[in-house]
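**Q** Need a 3D model of the following:
(2 chains)
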Amino acid sequence: MSHSAKEAGGAGPSHRNVEIGFTLFMGFLGLLSIIGSLQVGIGWGAEGPKAGFFPFYCGLIVVLSTVVNLINAIRMQENGLFAEWPALWQVVSVVVPTTIYVLAIPYLGMYVSSAILIAAFMKYFGRYSWLFSIAIAIAVPAAIFFMFEIWFLVPLPKGPVESYLGY
Amino acid sequence: MIEDIANLFHGFAVVVQPFNLVLMVIGIVLGVIVGVLPGLGGANGVAILLPLTFSMSPTSAIIMLSCIYWGALFGGAITSILFNIPGEPWSVATTFDGHPMAQQGKAGEALTAAFTSSFVGALFAVIMITLVAPLVASFALRFGPAEIFAVYFLAFCSFVGLSKEPPFKTIVSMMLGFALGAVGLDQMTGQLRLTFGFTEMLNGFDFLIAVIGLFGIGEILLTMEEGLSFKGRAAHINARVVFQTWATLPKYWLLSLRSCLIGCWMGISPAGATPASFMSYGIAKRMSKNGKNFGKGEIEGVIAPETAAHAAGTSALLPMIALGVPGSPTAAVLLGGLLIWGLQPGPLLFVEQKDFVWGLIASMYMGNIVGLLIVLTCVPLFAAILRIPFSVIAPVILVLCAIGAYTVHNSSFDVIMMVVFGILGYFMKKTSYPMAPMVLAIVLGDKAEEAFRQSLLGSGGSLGIFFSNPLVSSIMVLGLVALFWGAISTGWARLRGQAATAA
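**A** Numbering: from 1, shown residues only, chains lettered A, B, ... in the order given. Presented below is the predicted three-dimensional model:
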């Protein structure tokens, strides 16, 4: 999806452009479903309808509806922003650390990566002191540890720090 | 009938066991917290906490999870009234009059009215479930694959016809949900499909991951964009205010009854609690003699949406228990829980799992009573949670979502998918694609497809099977009416408009 900036009037991508981009993206997912279904066969086999039968028609309906949505999106009156750039920047600055956090979980373990996320988030967005941020960042995963591992016996992924501590 | 009442009392006996009562209280408290915090709605909260129940008995598990749901329904009202922030979509209509009341220093009255109406709505719906669910289930026992598919068809068509989002966007969400549900191993032929060679996609997309991503992460992203700051009113709620408000409530009995009926109707059809609350508010505004004061702090404007929302939220469980078709995303998550605990949702539950079903129904009565007591006594506590700054709450919610997503299958790939669904959810919300149909389609995809293919197998590929007997035909016709409801009602309005101008 490309959110090309329309600099007319406000600072931010126009709602219409994002709407068109996202509609095309949804249509693309429908297309993927059609292609994948065609690969496994959409007709009748020995045991009745083949595996691709149902998802093929779902994909087809998505693509057809997307055409209608696209026409509606193009006809949309050109006014209103999707969001202003600073607001979008806020969104991105949550998505990026969250993605890094999620990718780090298998290597650092759930507890350590969670602690880093909480501390960084509080420091960056809340402008709290390091002491307070780190205190919360240690307290929350510790509480989660007792709740999940000890109380409800649900194991979470662990990394080098936990194995050093003997878990 | 007599047998059902005996079963219900047996259910009460199960529910009042001390362990289950403790779970009930924990569930309600967690539920209110979940309902109060942004990004942790009922569906998402239940999805995250579902893994905690894997080691419990199904009955205890459903008691705790359904209580989280009741708690979330109650909790939405607190933020709406005190902070003018709807904690849940169905409490948006409550802010219209609830927050003005709080600004006038009548927060206690507004909260008491909201909680009590919630309770009344829920109670009405539970009584309805108690009476109707066994009948529906015994009727549905005769359903073959074609009838089962017809019921799914009806459920999904009602989404398209009744939701306030553009119909073609609803269809796209729903059909993409079905396609996502189809990814992985095909249950009937054992063939792999739509994986495009990625081994991670072998097991398909779990709807719990979709729920946590769409509703949890998506909501956090929206909140970040809006840059919301909490500015709340203080809540003074004491026994005197509660009893004074209770004394005024009986005179609104007609309003309550109407809101209950709207809620039950909207809850059973999968349109859900949110449209029910708006509809009830709108009708109350038109019918009340104080209609012009609505929006300025009229107590009727709190009673109407809250009663309807709670009645709808509760009655959404009726099709889930009796037919295996959930009426709301949260009911869908509970249904997913049933599958995980090894129970087959649907009419057979009433025959094979009496303890479970009647335990659940009894817990609906008890849970709402316990819930009312807890929220009335603990409002200041819950309001204090909202004063925790968002920059502390947000990362904690992100962490909880990640843990919830991981524990479903102990898979790190699922956690990555959760973030993908979160970004998808943000854009869907911003461009008004509804998320509930997508979630329900992922949950029901396998079952709907199985019913569809079995029906076609029986008929040798002819779609005529869906109109082959009066029962299946009438369900299908109802579905078609629901599908084109938007077009039918505008057409009707236009016809009447023409008639009026001609006359």
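
**Q** burial count for the residue in the stretch 1-150 of chain B that chain A sits nearest to?
**A** Here the stretch 1-150 of chain B gets closest to chain A at one residue, B:L52, 4.7 Å apart by Cβ to the nearest Cβ. C-beta coordinates here come from the backbone N, C-alpha and C atoms, glycine included. Counted by other Cβ atoms under 10 Å in any protein chain shown, the residues lying close to B:L52 total 20.

**Q** quick one, what contacts it?
**A** Taking Cβ atoms under 8 Å, 6 or more residues apart in numbering or on different chains, we find B:L52 in contact with A:F148, A:F152, A:V154.

**Q** now that we have those, which one has the most neighbours?
**A** A:F148 leads the contacts of B:L52 on contacts (other Cβ under 10 Å) with 19 neighbours.

**Q** Next one, pLDDT for A:H3 please.
**A** We have a pLDDT of 44 for A:H3.

**Q** domain parsing for chain A?
**A** A:15-75, A:85-165 (automatic domain parsing).

**Q** Most tightly packed of the ones you listed?
**A** Sort these by mean neighbour count, taking mean count of other Cβ atoms under 10 Å in any protein chain shown, and domain A:15-75 sits at the top with a mean of 19.

**Q** what's the first-to-last distance across it?
**A** In domain A:15-75, first residue to last residue: 12 Å (Cα to Cα, to the nearest Å).

**Q** And stretch A:102-118, by the same measure?
**A** Stretch A:102-118: ends 13 Å apart by Cα to Cα.

**Q** pLDDT on that stretch, on average?
**A** 93.

**Q** Make JSON lines from the domains of chain A and add distance to B:I369 to it.
**A** Below are the domains of chain A laid out as JSON lines (distance: least, Cβ to Cβ, whole Å):
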{"stretch": "domain A:15-75", "distance to B:I369": "44"}
{"stretch": "domain A:85-165", "distance to B:I369": "27"}
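
**Q** Figure out which of those is closest to B:A482.
**A** For the domains of chain A, the distance to B:A482 is smallest for domain A:15-75, at 16.7 Å, taking Cβ to Cβ.

**Q** distance between the closest one and the chain's centre?
**A** Offset of domain A:15-75 from its chain centre (Cα atoms, centre = their mean, to the nearest Å): 21 Å.

**Q** now do stretch B:197-208
**A** For stretch B:197-208, the distance to the chain centre is 26 Å (Cα atoms, centre = their mean).

**Q** Kindly check the end-to-end length of that stretch for me.
**A** Rule used - Cα to Cα; the end-to-end distance of stretch B:197-208 is 23 Å.

**Q** Also stretch B:308-328?
**A** Per Cα to Cα, the first residue of stretch B:308-328 is 14 Å away from its last.

**Q** Quick check: mean pLDDT of it?
**A** 85.

**Q** now do stretch B:108-116
**A** 89.

**Q** Show me the contact partners of it.
**A** Outside stretch B:108-116, the residues touching it (Cβ under 8 Å, 6+ apart) are B:74, B:77-78, B:80-82, B:94, B:97-98, B:101-102, B:235-238, B:241-242, B:244-246, B:249, B:297, B:299, B:302-303, B:306, B:372, B:375-376, B:379.

**Q** Inside helices: which ones of these?
**A** B:74, B:77-78, B:80-82, B:94, B:97-98, B:101-102, B:241-242, B:244-246, B:302-303, B:306, B:372, B:375-376, B:379 (DSSP state H).

**Q** And those, which of them are buried?
**A** B:74, B:77-78, B:80-82, B:94, B:97-98, B:101-102, B:241-242, B:245, B:302-303, B:306, B:372, B:375-376, B:379 (16 or more other Cβ atoms under 10 Å in any protein chain shown).

**Q** Out of the contacts of B:L52, which are close to chain B?
**A** With Cβ under 8 Å from any Cβ of the partner chain as the criterion, those include A:F148, A:F152, A:V154 near chain B.

**Q** what pLDDT does the first one get?
**A** What that stands for is A:F148. 82.

**Q** residues contacting the residue nearest to it when sequence neighbours are not counted?
**A** Leaving aside its chain neighbours, A:F148 sits nearest to A:V154 (4.6 Å; criterion: Cβ to Cβ, 6 or more residues apart in numbering or on different chains). A:V154 makes contacts with A:F148, B:P51, B:L52, B:F54, B:T407, as judged by Cβ under 8 Å, 6+ apart.

**Q** need the longest helix for chain A.
**A** Max-length helix for chain A by DSSP H is helix A:15-40.
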